[in-house]
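*Asks:* Okay, here's the prediction I keep looking at, along with the sequence it came from:
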Amino acid sequence: MTQLFEPPQSDYGTPYWDATRDERLLVPYSTTTGLPFWYPREVAPDTLTPDVDWREASGQGIVYAVSVMHKPGPGRDPAAGPYAVALIDLPEGVRIMSNVVGIEPDAVTVGMAVTVCWHELSDGRKLPMFQPT
Amino acid sequence: MGVADAASPTGILDDTGRALEARMIRAALDDAGLTLADVDGVTCAGAPAGLAEYLGIHPRFFDGTQVGGSSYELHVEHAAAAIAAGLCEVVIGVYASTPKGNQARMRAAMAARADAGKGDGRSGGGRGGGGRPGGGAPPGMGGPNPGAEWELPYGMRTPMGAYALAASRHMHEFGTTSEQLAQIAVDTRRWASMNPNAKFQDLITIDDVVDSPMQASPLHLLDCCLVTDGAGAFVMVSAERAASLAKPAVYVLGAGSCGDHSMISQMPDLTTTAGAISGPAAFAMAGVKPDDVDLLIGYDSFTITALLHLEDLGFCGKGEGGAFVEDGKLGPGGSFPMNTNGGGLSYTHPGMYGMFLIVEAVRQLRGECGERQLDGPEIAVAHGSGGLLSTMGTLVLGTEATR
């Protein structure tokens, strides 16, 4: 299992993290405007009110940009070898950071179609990653 | 403007912290023919009250803007506005950071402790910098740092990985190549070979760059800036007062700044920085066009950083940066000199490089650059990039003839 930095959990991020336990990827939306936003926060960034809805995303995405870490970044085991860090465009309209796994890191390309997969954390939450569709 | 800076081919400076800042301020004041008693404005990236107290002065103007490496361009912008508005008359700005020296001193201290058979080898963080993993809001502002919660688990090397993502996108959209990016490092090194204070002065080839170890693809080791000690300072006065100072005046003809994200996932378009806003704003204020600019001193934390500046400031079209640089025009003898001090890639990069942009631009405009001096430049652009391609500050600087 990949050794990584396990994310802290904010109060406002709790719905997101709880859903990951069931392998559901949620995206926050402004209740007022119906627009999605990323990253999750206490208030919707368009209205600055706490009126936030969570909706389940399709789990599909497109690689917007990718870089293979040839030396380990924060939290990673140097012995584990290179890995791909990517920005993923979700069809719901937000761009998130993730890893693309299940493929040689250098074979990940910009524009590649990917699907969410899950990396279990020590407390039962799961971290969304992506693999080629 | 008076200016000063310090760097060493060893990458290490002997003094550190406030003492180094004080030495830079004294040198910049000497350069301008002023004294500390003249100073009524203080800027630095962080907490300027502590600096003023150390200096023993009671400023009427403070600016502690901290947006990463471009902070110093914003300080000049804000100081120029403050002087023009009559808030103050003489403003100093300063930067000192000694990551290499600190590391060496820490190693020595740890070795000494190990010899004494005690101590756990831990150490506190260094001063300054801005390299918090993941970017985002600082801790202690309500819940976890968003960078820690939403990006840090993915193990991106910071800042390098963010710039690598931008390079990957630029290559995808425009066909930019590693060899084109490497040309920037090659030409910058040629300039560094004429700067006796540069950390790296030996010439390199495109092959040297693309054959250097891959760090975060597509960026190789020689696509990345140095980590060195370094320090610098500036002093600014009104144009009227500048006429009576020790050296020919350099004028702030225009200034602009813009920022559009902190975490790299929030950058609207990884191929276009906020320099596309700050640059044209500064040029419009100065009443100049890109064609009028004699040299660019542009923040080169990575080769891709400099390439994006060339496009966003309008020296070439969006996506054309690779083709623009590949004939070597940025280097000595080229048609568009950039980073004549050797840049962050080869001269010095103590973490927040923006101060050195100002110092080199001023020295070029005054004709003080020795072997690397250009032939009578009149308009220089100093363009800083802070954070993860986040906050851009553009200064258009000119000689007396451009006023």
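*Replies:* Great, that's in hand. Residues are numbered from 1 along each chain as shown, chains lettered A, B, ... in the order given.

*Asks:* which SSE is B:L29 in?
*Replies:* helix B:17-32 (DSSP states H and E).

*Asks:* what element comes up after the longest strand belonging to chain A heading to the C-terminus?
*Replies:* Secondary structure of chain A read by DSSP state E shows that its longest strand is strand A:60-69. Downstream of strand A:60-69, the first helix or strand assigned by DSSP H and E is strand A:83-89.

*Asks:* Helices of chain A, residue ranges please.
*Replies:* A:14-20 (DSSP state H).

*Asks:* Below-threshold pLDDT in it: ranges please.
*Replies:* A:1 (pLDDT under 70).

*Asks:* cutoff 80 now
*Replies:* A:1-2 (pLDDT under 80).

*Asks:* What is the longest strand of chain A packed up against?
*Replies:* Judged by 3 or more CB pairs under 8 Å, 6 or more residues apart in numbering or on different chains; DSSP states H and E, strand A:60-69 is in contact with strand A:83-89, strand A:95-100, strand A:113-120, helix B:160-174, strand B:214-216. In this view, the C-beta of every residue, glycine as well, is placed from N, C-alpha and C.

*Asks:* ok, now with 7 Å
*Replies:* strand A:83-89, strand A:95-100, strand A:113-120, helix B:160-174 (3 or more CB pairs under 7 Å, 6 or more residues apart in numbering or on different chains; DSSP states H and E).

*Asks:* can you pull the buried residues of that strand?
*Replies:* A:Q60, A:G61, A:I62, A:V63, A:Y64, A:A65, A:V66, A:S67, A:V68, A:M69 (16 or more other CB atoms under 10 Å in any protein chain shown).

*Asks:* got CSV for the residues you listed, with distance to B:M355 too?
*Replies:* Shown next, in CSV, are the buried residues of strand A:60-69 (distance: CB to CB, whole Å):
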residue, distance to B:M355
A:Q60, 46
A:G61, 41
A:I62, 40
A:V63, 37
A:Y64, 33
A:A65, 30
A:V66, 33
A:S67, 29
A:V68, 33
A:M69, 30
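
*Asks:* Get me the contact residues on chain A for chain B.
*Replies:* By the rule CB under 7 Å from any CB of the partner chain, the part of chain A lying against chain B is A:4-8, A:10-11, A:13, A:39, A:64-76, A:83, A:85, A:87, A:95-99, A:110-111, A:127.

*Asks:* quick one: contacts for B:Q215?
*Replies:* A:H70, A:K71, B:M160, B:L221, B:C224 (CB atoms under 7 Å, 6 or more residues apart in numbering or on different chains).

*Asks:* Recalculate using a threshold of 10 Å.
*Replies:* By CB atoms under 10 Å, 6 or more residues apart in numbering or on different chains, the residues touching B:Q215 are A:67-71, B:157, B:160-161, B:164, B:221-224, B:302.

*Asks:* Return the longest strand of chain A as PDB; C-alpha atoms alone will do.
*Replies:* Coordinates of each C-alpha in strand A:60-69 appear next as PDB, following Å, rounded to 0.1, in the frame of the first residue of the first chain:
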ATOM      1  CA  GLN A  60     -15.200  10.300 -14.500                       C
ATOM      2  CA  GLY A  61     -12.500  12.800 -15.300                       C
ATOM      3  CA  ILE A  62     -10.000  14.000 -17.900                       C
ATOM      4  CA  VAL A  63      -6.300  14.600 -17.100                       C
ATOM      5  CA  TYR A  64      -5.700  18.400 -17.400                       C
ATOM      6  CA  ALA A  65      -2.000  18.300 -16.400                       C
ATOM      7  CA  VAL A  66       0.300  15.700 -15.100                       C
ATOM      8  CA  SER A  67       3.800  15.500 -13.600                       C
ATOM      9  CA  VAL A  68       5.700  12.400 -12.500                       C
ATOM     10  CA  MET A  69       7.500  12.900  -9.300                       C
END
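
*Asks:* how far off strand A:113-120 does it point, in degrees?
*Replies:* 70 degrees (axes from the mean of the first three to the mean of the last three CA atoms, to 10 degrees).

*Asks:* Between the two ends of stretch A:107-121, what distance do you get?
*Replies:* By CA to CA, to the nearest Å, the extent of stretch A:107-121 from end to end equals 26 Å.

*Asks:* buried set for that stretch?
*Replies:* Quick answer for stretch A:107-121 (16+ other CB under 10 Å): A:V108, A:V110, A:M112, A:V114, A:V116, A:C117, A:W118, A:H119, A:L121.

*Asks:* And stretch B:277-297, by the same measure?
*Replies:* B:277-283, B:285-286, B:288, B:290, B:293-297.

*Asks:* and if you look at stretch B:266-278?
*Replies:* For stretch B:266-278, the neighbour count (16+ other CB under 10 Å) marks B:Q266, B:M267, B:L270, B:T271, B:T272, B:T273, B:A274, B:G275, B:A276, B:I277, B:S278 as buried.

*Asks:* contacts with chain A among these, please.
*Replies:* B:Q266, B:M267, B:L270, B:T271 (CB under 10 Å from any CB of the partner chain).

*Asks:* From those, pick the one nearest B:G370.
*Replies:* B:T271 (36.8 Å; CB to CB).

*Asks:* Next, find the distance separating the residue nearest to the closest one when sequence neighbours are not counted from A:N99.
*Replies:* In space, and not counting its chain neighbours, B:T271 is closest to B:H170: 5.0 Å by CB to CB, 6 or more residues apart in numbering or on different chains. Counting by CB to CB, to the nearest Å, the gap between B:H170 and A:N99 amounts to 21 Å.

*Asks:* same check, this time on B:K289
*Replies:* 44 Å.

*Asks:* and of the ones next to chain A among the buried residues of stretch B:266-278, the nearest to chain A?
*Replies:* B:L270 (5.5 Å; CB to the nearest CB).

*Asks:* so A:P91 makes contact with A:Q60?
*Replies:* Yes - with contacts defined as CB atoms under 10 Å, A:P91 counts as touching A:Q60 at a distance of 5.8 Å.
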